[in-house]
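Asks: structure of the sequence below:
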Amino acid sequence: MHRCRNGRRAARFLEGGPAWRAVARGLSQFESKEQKEAHVRSMFDRIAPRYDLLNRVIAANMDQRWRRRAAKAARGSGSGPYLDVGAGTGDLTRALQRVAPRARAVGLDLARQMLVMGRRKGLEAVQGSGLALPARDGTFEAITNAFVLRNLADLDAFFREAHRALRVGGRLVSLEISRPPGRIFGPLYRLYFFRVMPRIGRALSGDKGAYDYLADSVARVAEPEVLAEKMRAAGFARVDVQRLMRGAVVLFVAHKEA
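Replies: Below you'll find the model as predicted:
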């Protein structure tokens, strides 16, 4: 009987739909914005020294390709300035510098240790929250973020802040993990992301909680259409949605128009 129950649970996990929510354990849910920001800051401070290695291993280095694509989507005129929110160790900030070498690109992150790692790469970075951008209205040509949206304590507030801080004609470019459909790829992705990836993360980082949290946050992240609608509600006139890797990653390009 025990073996039968395990088999049914495994089947439900691989089917999709509610199976995404079935693996969520409340690890990415908090009682207040302040509590979530404090948790995210502490978690990324802890894993900062091995964060780049973990990204390369877990994403098979494809994360760099996605960041380059996001940087090209954000480039615009190439004059900048650009703000990379949730910059972490600065890979997307550096990609922005490469596509627009004469422009200023600044990384912003809650976690001080992440910024320390980014500054070692020669990047300009400041500590701060995406919910209160330290910039005047209409400052940036583009605001970017990579795999950050599900970690923000208030998405609506962030989208409003991004719209405020962008100049007319500017764009918000967001990369985020999603939940791919499909009878074959979807189940394989779930198996990797919720069973294999947390074990790799724990082994390489020594931090069990961080990678359990990150897997849980993917189970709860809003569908791409919902995120795009939130961007439009914040004032963005047009939102382009590009699905990468069969929908496992989504690139949003939201345009601020007059």
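Asks: now do the helices in the stretch 101-250 of the chain.
Replies: 112-120, 155-165, 185-191, 197-205, 208-220, 224-233 (DSSP state H, counting those that start in this stretch).
Asks: shouldn't residue 26 be in contact with residue 217?
Replies: No - counting by C-beta atoms under 8 Å, residue 217 is not a contact partner of residue 26; they are 11.0 Å apart. For glycine as for every other residue, the C-beta is placed from the backbone atoms N, C-alpha and C.
Asks: tell me which of those two has more neighbours.
Replies: Each of residue 26 and residue 217 has its neighbours counted (other C-beta atoms under 10 Å); residue 217 has more, 19 against 8.
Asks: and the more buried one, what does it touch?
Replies: 27-28, 150-151 (C-beta atoms under 8 Å, 6 or more residues apart in numbering).
Asks: pull the contacting residues for residue 83.
Replies: Residues in contact with residue 83 (C-beta under 8 Å, 6+ apart) are 105-106, 108, 133, 135, 139-140, 142-144, 165.
Asks: pull the strand of greatest length in the chain out as PDB, backbone CA atoms only.
Replies: Longest strand in the chain by number of residues, with DSSP state E as the criterion: strand 166-177. Taking Å, rounded to 0.1, in the frame of the first residue of the first chain, the C-alpha atoms of strand 166-177 are listed here in PDB:
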ATOM      1  CA  LEU A 166      12.400  55.200 -16.700                       C
ATOM      2  CA  ARG A 167      12.500  58.000 -19.200                       C
ATOM      3  CA  VAL A 168       9.800  58.100 -21.900                       C
ATOM      4  CA  GLY A 169      10.800  55.500 -24.600                       C
ATOM      5  CA  GLY A 170      12.600  53.500 -22.000                       C
ATOM      6  CA  ARG A 171      12.000  49.800 -21.200                       C
ATOM      7  CA  LEU A 172      11.900  47.400 -18.400                       C
ATOM      8  CA  VAL A 173      13.600  44.100 -19.300                       C
ATOM      9  CA  SER A 174      12.900  41.200 -17.000                       C
ATOM     10  CA  LEU A 175      14.100  37.600 -17.200                       C
ATOM     11  CA  GLU A 176      12.200  35.100 -15.100                       C
ATOM     12  CA  ILE A 177      11.900  31.300 -14.700                       C
END
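Asks: list the buried residues for stretch 188-202?
Replies: Neighbour-count burial for stretch 188-202, counted by 16 or more other C-beta atoms under 10 Å, picks out 189-190, 193-194, 197-198, 201.
Asks: what's the closest of the contacts of residue 217 to residue 158?
Replies: Distance to residue 158 across the contacts of residue 217 (C-beta to C-beta) is lowest for residue 151, with 10.4 Å.
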